[in-house]
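*Asks:* sequence unavailable; structure follows:
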């Protein structure tokens, strides 16, 4: 069992072929989510806590028939936002925030980009993918795209390879975090950290004369 799933017992699930609707229930708690969480991060938690293969999820959350191994972009045009919200039991606005919408963001990174310390708490945010922002709004660290183990980069898209490696490299399966990843049992983000994420998301930016790293958690 992976580290991210070791804090809770997994249910026995039976999934249909065409709908993400388990007949015996599933585990997902909206309290595991931090502000502006990315769709990939949300699906990592969903797959890890329910023992699901990436193909079971990727093929059922797209608006059109897709090859789950080829994958599709994590965009509002490609993702069945209502279906994801219904399956995870979260408000529509949470999922809308989690996907890329052209014209809303100033640039977008096509590779998975992450903060190692955020990965340790089981968090990857939409703000980490915004191309014009080079640092994590929570910790002030320079965002990374290369695996610390094999040096590979991973395309930021919904596919089996990515979903089957929650918070880990899709190539070598090494954790992106410097410590054990846990999103079930963790302290909440401080009000300051949450505000930093939201400010970056809405494009307010950094206050004059205040370095980015000073608005982060330690």
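*Replies:* Here it is on my side, so go on. Fair warning: this is a prediction, and the values are worked out from it, not measured in the lab.

*Asks:* and stretch 154-165, how far apart are its ends?
*Replies:* From its first residue to its last, stretch 154-165 covers 11 Å (CA to CA, to the nearest Å).

*Asks:* sorry, wrong one. I was asking about stretch 171-187.
*Replies:* OK, stretch 171-187 end separation, CA to CA: 30 Å.

*Asks:* nearest residue to the middle of the protein?
*Replies:* Nearest to the mean C-alpha position of the chain, counting by CA atoms, centre = their mean, stands residue 41 at 1.6 Å.

*Asks:* what's the nearest residue to that residue if we skip its chain neighbours?
*Replies:* In space, and not counting its chain neighbours, residue 41 is closest to residue 124: 3.9 Å by CB to CB, 6 or more residues apart in numbering. Glycine gets a C-beta too; all of them are placed from N, C-alpha and C.

*Asks:* then residue 115?
*Replies:* Per CB to CB, 6+ apart, closest to residue 115 is residue 136, 3.6 Å.

*Asks:* how near is the one you found to residue 159?
*Replies:* The gap separating residue 136 from residue 159 is 25 Å, by CB to CB, to the nearest Å.

*Asks:* sorry, back to before: how close does the residue nearest to the centre of the chain get to residue 34?
*Replies:* Between residue 41 and residue 34 the distance is 8 Å, computed by CB to CB.

*Asks:* just to revisit the earlier point, so who does the residue nearest to residue 115 touch?
*Replies:* 115, 117, 118, 128, 143, 216 (CB atoms under 8 Å, 6 or more residues apart in numbering).

*Asks:* which one of the residues you listed is nearest to residue 70?
*Replies:* Residue 70 has its nearest neighbour among the contacts of residue 136 in residue 128, at 23.8 Å by CB to CB.
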